[in-house]
Every structure is written in structure tokens, then in C-alpha cells.
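Novice: Give me a 3D structure for the following:
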Amino acid sequence: QVQLVESGGGLVQAGGSLRLSCAASGGTLSRYTVGWFRQAPGKEREFVIALTWSGRTTYNADSVKGRFTISRDNAKNTVYLQMNSLKPEDTAVYYCAVPAAAYASPNGVNDYDYWGQGTQVTVSS
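Specialist: So this is what the prediction gives:
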């Protein structure tokens with residue numbers, strides 16, 4: 001079973017940047033599609049961005065494309081979410097997740113099985 005731990009959240013002013021990390025144990029992240037999700041108070045968890053095992057990036061295009069990027073460090077077995085030009089509406093708890101099967105192609109939140117504990121991102125105006 002893959003275990004995930006997010007870190008790097010915090011408080012930042014609008015226009016600022018943060019880099020979140022998703023460190024894995026129990027599995028090799030390069031074999032998985034890794035997704036980042038976020039959940040704001042009173043809202044459903046939403047997909048943000050994912051990096052497939054083949055190296056392709058998929059976005060929730062309307063909200064983050066052009067501002068957020070995802071990358072992977074295979075040596076550290078870690079995936080990063082670089083967030084630039086942050087907006088107050090980006091405030092949420094951010095989670096990384098992977099499906100149970102390596103080399104799977106998840107289509108939505110229900111296709112992800114292993115989740116980290118989340119890290120809070122707060123963007124002040």
C-alpha cells in the first residue's frame with residue numbers, strides 16, 4: 001500500500017508562490033498517476049492537476065493552468081506542486097493521491113485510492 005505525506009502548505013499573500021511536496025513510501029511514484037486535489041470549506045473535493053506515470057500533465061484547466069505546475073523527483077520518490085500567482089480562491093486543504101494500481105489512468109476523484117493527510121494553503125488578499 002502506498003503511503004503519501006504532503007508538506008509545504010502555509011499562509012501566503014495573493015500573488016505569491018508555494019511549493020507543495022508529496023512524498024511516498026510503499027510504492028514508486030514514477031509508476032503511478034499522481035493527482036493533486038483541494039477542498040475548500042463547505043465545498044467538494046476538486047481535481048487540480050495530475051502527472052501521469054507516462055509524464056503527461058492534466059489540468060483542471062479553468063482554475064490553474066498557467067499558474068500551477070507538477071513535477072516529479074524520482075530519486076526522492078516525491079511529486080511537487082508549484083503554485084504561482086496564488087489567489088484567495090486557491091485557499092483550501094491540498095491533497096495528493098494515487099490509484100491502487102500502478103500504470104492506471106484515473107478519470108476522477110473516485111478512481112484514486114490512497115490519499116495523504118492534506119496540507120493547508122491559505123492565500124490572503
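
Novice: what residues are up against the residue most central in space within the chain?
Specialist: Closest residue to the average C-alpha location of the chain: residue 36 at 2.2 Å, with CA atoms, centre = their mean. Contacts for residue 36 (CB atoms under 8 Å, 6 or more residues apart in numbering) come out as 20, 22, 48, 49, 50, 70, 81, 94, 95, 96, 97. Yep, even glycine has a C-beta here, placed from its N, CA and C like the rest.

Novice: neighbour-wise, which of these leads?
Specialist: residue 96 (31 neighbours; other CB atoms under 10 Å).

Novice: Let's verify that residue: helix, strand, or coil?
Specialist: strand (DSSP: H, G, I helix; E, B strand; the rest coil).

Novice: My guess is it contacts residue 4. True?
Specialist: Yes: if you go by CB atoms under 8 Å, residue 96 and residue 4 touch, sitting 5.3 Å apart.

Novice: quick one: pLDDT of the spatially closest residue to residue 97 that is not a sequence neighbour?
Specialist: In space, residue 97 comes closest to residue 112 once its chain neighbours are excluded; the distance is 3.8 Å by CB to CB, 6 or more residues apart in numbering. pLDDT for residue 112: 96.

Novice: Tell me where this protein is predicted with low confidence.
Specialist: Scanning the chain with the threshold set as pLDDT under 70 gives 61.

Novice: Sketch out the helices for it, chain order is fine.
Specialist: With DSSP state H applied, the chain shows helices at 61-64, listed in chain order.
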